[in-house]
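Asker: structure for the following, please:
(one chain, ligands or ions: 2)
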Amino acid sequence: MLIIMKTDATEKQIQHIVQRVEAMGLRAHLSKGEERTIIGAIGDGRPIIKDQFLYLPGVDRIMPITRPFKLASREFSPQDSVFSLDGVEIGGDGVVIIAGPCSVENRSQLIETAHAVKEAGAHALRGGAYKPRTSPYSFQGLGEEGLEILAEARSETGLPIITEVMTTEQIPLICQYADVMQIGARNMQNYSLLHAVGESQHPALLKRGMMATIDELLMSAEYILSHGNRRVMLCERGIRTFENTTRNTTDINAIPVLKSMTHLPVILDPSHATGNWEYVTAIARAAIAAGADGLIVEVHPHPELALSDGGQSLKPERFAELVTQVKAVAQAIGRCVAPSKTHLLAGCVDV
Ligand code: PEP
Ligand code: MN
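Answerer: Ligands and ions are numbered 1, 2, ... in the order given. Purely as a prediction, here's the structure:
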């Protein structure tokens, strides 16, 4: 249930409602908009009596949340959620580009890629240290050594780091090294992991499961949000369909649909969505045209030697071309590519 406060409600009145909500054994979540504050009163599914709040001072009206997800809904927070990652705004006016190899393989591979993607205009560096591989005999990642290499790349380039977390036990270690924890498609419905990522309060990138509906993705985001962690971005990465020419089928619809259903930033991963580097740039352009807030792209200096996902990885020079084209598309729809770390004070970057 949403308690919509009057535009002139005082802080004291807001706090009074929060206390009443909590005294009833419910959780109170505040959304402070430009005009008014909305208080989400979330329980355990038992009915909440709205008259207990309706006549309290400062309350304008009560609205049930009709969606199965609450805190992730646009109803709860009509304005877009924006959070800063080391000075780069995620979910703001500018489109953000995250790039890097599928896996951290060794120091020189990662550092070379980090410099190359930064040069091309990326805002953050991706790279897996713990890899969820379909076969137990495939490269599983370097583990903590991979995290150390990522941290070194950050101190050399200033790029924030995004890396996958696969288990609850890995969370404290990954939080020490990475700026964002990625929850992969295979773990989208690992509810104990989502719960723990929520409690960590660390920024999270939640990928859509390969067989998950949009509602299910939002319910998973709700697990993180309901533990007080508001810094969540969603990632469409292609779903499984009968089509097998490409690794997955990009659900472009998901971008405008998610943007209408949720206030959370929505990004797209054209690398896993297509599985083939030849299609990555086209789908990246389509994602931005459809309203995505950013991209996460696999880049490798020598894709033919990659230990994972080489076939869908762009070489640095092709990635630089992708960035140029994405800037043009962003501009065509009245957006821009967010200022990169080197241009933070310069506003939108010119094409
Ligand atoms: C990845 O980002 O390398 C990855 C494993 O992605 P997904 O979880 O989308 O398959
Ligand atoms: Mn990959």
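Asker: ok and the residue in the stretch 51-200 of the chain nearest ligand 1?
Answerer: Residue nearest to ligand 1 within the stretch 51-200 of the chain: G184 (3.0 Å; CB to the nearest ligand atom). Where you see a C-beta, it was placed from the backbone N, CA and C, and this is true even at glycine.
Asker: contacting residues for M24?
Answerer: 41, 43, 48, 52 (CB atoms under 8 Å, 6 or more residues apart in numbering).
Asker: local confidence estimate at the second one?
Answerer: This means G43. Here, the pLDDT recorded for G43 equals 84.
Asker: and it, what does it touch?
Answerer: For G43, the contacting residues are 24-27, by CB under 8 Å, 6+ apart.
Asker: doesn't D8 make contact with V59?
Answerer: No - using CB atoms under 8 Å, V59 is not in contact with D8; the gap is 12.0 Å.
Asker: thinking again about what came up before, what sits against the residue of the stretch 51-200 of the chain closest to ligand 1?
Answerer: Counting by CB under 8 Å, 6+ apart, G184 makes contact with 132, 164, 166, 207.
Asker: okay, it: pLDDT?
Answerer: As predicted, G184 sits at a pLDDT of 98.
Asker: wait, which of the contacts of G184 is closest to E75?
Answerer: K207 (24.4 Å; CB to CB).
Asker: if that closest one is in a bridge, with which residues?
Answerer: For K207, the beta-bridge partners are C235 (DSSP bridges).
Asker: give the contact list for it.
Answerer: Contacts of K207 were listed using CB under 8 Å, 6+ apart, and they are 182-185, 188, 235, 237, 269.
Asker: the closest residue to ligand 2 within the stretch 251-351 of the chain - nearest residue in space that isn't next to it in sequence?
Answerer: Using CB to the ion, D309 is the residue of the stretch 251-351 of the chain that sits closest to ligand 2, at 3.8 Å. Of all residues not flanking D309 in the chain, C102 sits nearest, at 3.7 Å (CB to CB, 6 or more residues apart in numbering).
Asker: cool, H115 as well?
Answerer: That would be T157: by CB to CB, 6+ apart, it lies 6.2 Å from H115.
Asker: next, count neighbours for the one you found.
Answerer: T157 has 20 neighbours, counted by other CB atoms under 10 Å.
Asker: got the phi/psi numbers for it?
Answerer: Dihedral angles of T157 (phi, psi; degrees, to the nearest 10) stand at phi -110, psi -20.
Asker: from A41, how far out is it?
Answerer: 44 Å (CB to CB, to the nearest Å).
Asker: could you tell me which residues of this protein lie near ligand 2?
Answerer: 102, 309 (CB under 5 Å from the ion).
Asker: stretch 240-252: which residues count as buried?
Answerer: Residues 246-252 are the ones in stretch 240-252 that count as buried (16 or more other CB atoms under 10 Å).
Asker: can you check stretch 134-147 too?
Answerer: Neighbour-count burial for stretch 134-147, counted by 16+ other CB under 10 Å, picks out 140-142, 146-147.
Asker: and for stretch 123-137?
Answerer: Neighbour-count burial for stretch 123-137 flags 123-131 (criterion: 16+ other CB under 10 Å).
Asker: is any part of that stretch close to ligand 1?
Answerer: Yes - Stretch 123-137 lies within reach of ligand 1 by CB under 6 Å from any ligand atom, at 128, 132.
Asker: could you pull out the strands for the stretch 251-351 of the chain?
Answerer: Per DSSP state E, counting those that start in this stretch, the stretch 251-351 of the chain carries strands over the ranges 266-268, 294-298, 336-337.
Asker: does anything pack onto the last one? Which helices or strands?
Answerer: Going back to what we said before, that points to strand 336-337. If contacts are counted by 3 or more CB pairs under 8 Å, 6 or more residues apart in numbering; DSSP states H and E, strand 336-337 sits against strand 94-100, helix 316-332.
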